[in-house]
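[1] Quick check, what structure comes out for this input:
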Amino acid sequence: MSATPVLLAHHKHCDDLFAGAEAAAYAGHWAACRDAFQRFSGEMTAHFATEEEVLFPAFETATGNTGGPTSMMRLEHAQMNALMMQAAQAAVVADSEGFSGAVETLLILMQQHNMKEENILYPMCDRVLSANDLALERELATRTAGTCPP
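    You can find the predicted model right below:
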């Protein structure tokens, strides 16, 4: 079972949506920013749900460890959700300073978070979860299907 490819592709897709929202804000195109940020937030929410409802429980069941890396990832998801709400609220009122502050912090947190997932957690999941667990692999792919460009 290799969770990495589909989840890595979804990280990249989310990063691209984030960059589009950020570029629109910095150009002063607030309607486009709001739309792009809403798409980004929706994809991030779906990504977090996929990890928290599918991948993390499978990993925790296989290892018997619920207080390790998945616990930290859930905490970081909550932090990113709070920052996404701040940025979305700032975009609604075209608050460039508020938006910039929230997205700059969010970007740093996302980069650090993704590095931990991509270089530590996902490889751990790949090692721990059975290579024959096609149902899990299918579930991860289904939850991110249609969201990433080919």
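
[2] Would you indicate which residues of stretch 11-26 are buried?
    Residues 11, 13, 14, 17, 18, 20, 21, 22, 24, 25 are the ones in stretch 11-26 that count as buried (16 or more other C-beta atoms under 10 Å). For every residue, glycine as well, the C-beta is placed using N, CA and C.

[3] Was I right to think the first one contacts residue 119?
    No. Using C-beta atoms under 8 Å as the test, residue 11 is too far from residue 119 to be in contact (11.9 Å).

[4] hang on, the earlier thing: mind listing which of the buried residues of stretch 11-26 are in helices?
    Counted as lying in helices by DSSP state H, out of these, are 11, 13, 14, 17, 18, 20, 21, 22, 24, 25.

[5] from memory the last one sits against residue 98, does it?
    What that stands for is residue 25. No. Contact status for residue 25 versus residue 98: not in contact, 10.4 Å apart, counting by C-beta under 8 Å.

[6] Can you tell me the element residue 97 falls in?
    Assigned by DSSP states H and E, residue 97 falls within helix 96-116.

[7] can you check residue 94 too?
    When elements are assigned from DSSP H and E, residue 94 belongs to no helix and no strand.

[8] Over to residue 45?
    Residue-wise, residue 45 maps onto helix 30-50 under DSSP H and E.

[9] Which strands or helices does that helix pack on?
    Judged by 3 or more C-beta pairs under 8 Å, 6 or more residues apart in numbering; DSSP states H and E, helix 30-50 is in contact with helix 4-26, helix 69-92, helix 134-144.
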